[in-house]
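# got a structure for you, letters missing:
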């Protein structure tokens, strides 16, 4: 994921959704999707349809999670044959990879770890209609023509089932002005799974964003000692799928 160049043009559907509001491109994801912030405090996500997850999936999960934890409010979701979009109301925080927090990784990493624990504690496993278990991820990968390496076919026993974020990389945590965890965004893969499926990816992403040396600090901020076997397994599964 990257930050688009200043002044990046918006596709016509984004202009239509924005109405009279001005647009600022803020994010480009790995499948070519773009996110814009509007001058009236909305975010518009727009991109090609993606076999791994959809914006309709994300809207459903945001609506389910919102009574339990702070996530964006869904304003509109839709799409055509080849594209889709999601409009949400902006939250007041800043991403954990905002330049302010990139310059203060200790604060950011602590907030991401504490925030992930807060999410897992807040979302109720009982009654959650979404699944992100290893068999579900294998099935999703198979539909996309991805073959999982043999080494990933036998996961470690579950430590604790929680409702996982599904993409707990650092950019998807928002911090408040004081550097404390505020909210989560981009919940398109949210579902029940072992908590290490999220922890492994969140800690792995610290190196991408802040450089080496922060992985264990995030796990400790979550409130656990590193479990090397589960971390290795779920990182390999993430990379494979």
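Done, it's in. Every value quoted in this text rests on a predicted model; they were computed, and no experiment measured them. Numbering: from 1, shown residues only.
# Please name every helix or strand in contact with the helix or strand bottoming out on mean pLDDT in the chain.
One helix or strand of the chain scores below all others by mean pLDDT, DSSP states H and E: strand 23-28, with a mean of 89. The contact analysis (3 or more CB pairs under 8 Å, 6 or more residues apart in numbering; DSSP states H and E) places strand 23-28 against strand 34-38. The way it works is simple: take the backbone N, C-alpha and C, and place the C-beta from them, glycine included.
# so what strands line up beside the helix or strand just after the strand it packs on?
Per DSSP states H and E, the first helix or strand lying C-terminal to strand 34-38 is strand 42-48. Sheet pairing of strand 42-48 (DSSP bridges) gives strand 34-38 (antiparallel), strand 83-89 (antiparallel).
# Give me the residue at the spatial middle of the chain.
residue 167 (3.6 Å; CA atoms, centre = their mean).
# quick one, what contacts that residue?
186, 187, 188, 189, 201 (CB atoms under 8 Å, 6 or more residues apart in numbering).
# what's the answer for residue 137, then?
So residue 137 contacts 237, 241 (CB under 8 Å, 6+ apart).
# Please give the element, helix or strand, for it.
Counting by DSSP H and E, residue 137 is part of helix 134-143.
# again, but for residue 146
Short version: residue 146 belongs to no helix or strand, going by DSSP H and E.
# Could you pull out the buried residues of the lengthiest helix in the chain?
If you go by DSSP state H, the chain has its longest helix at helix 105-122. Buried positions in helix 105-122, judged by neighbour count with 16 or more other CB atoms under 10 Å: 105, 107-120.
# element containing the residue nearest to residue 80 when sequence neighbours are not counted, please.
Once flanking residues are discounted, residue 80 sits nearest to residue 13: 7.9 Å by CB to CB, 6 or more residues apart in numbering. Using DSSP H and E, residue 13 sits in helix 12-18.
# Packing partners of that helix?
Under the contact criterion of 3+ CB pairs under 8 Å, 6+ apart, helix 12-18 touches strand 34-38, strand 42-48, strand 83-89.
# Can you point out the buried residues in that helix?
For helix 12-18, by 16+ other CB under 10 Å, it's 13, 14, 17, 18.
# Likewise for stretch 56-68?
Residues 57, 58, 59, 60, 61, 62, 64, 65 are the ones in stretch 56-68 that count as buried (16+ other CB under 10 Å).
# now stretch 164-179
164-175, 179.
# Next: stretch 83-98.
Neighbour-count burial for stretch 83-98 [16+ other CB under 10 Å]: 84, 85, 86, 87, 88, 91, 93, 94, 95, 96, 97.
# okay, these in a markdown table with distance to residue 240 next?
Below are those laid out as a markdown table (distance: CB to CB, whole Å):
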| residue | distance to residue 240 |
| --- | --- |
| 84 | 25 |
| 85 | 29 |
| 86 | 27 |
| 87 | 33 |
| 88 | 30 |
| 91 | 32 |
| 93 | 32 |
| 94 | 32 |
| 95 | 27 |
| 96 | 25 |
| 97 | 24 |
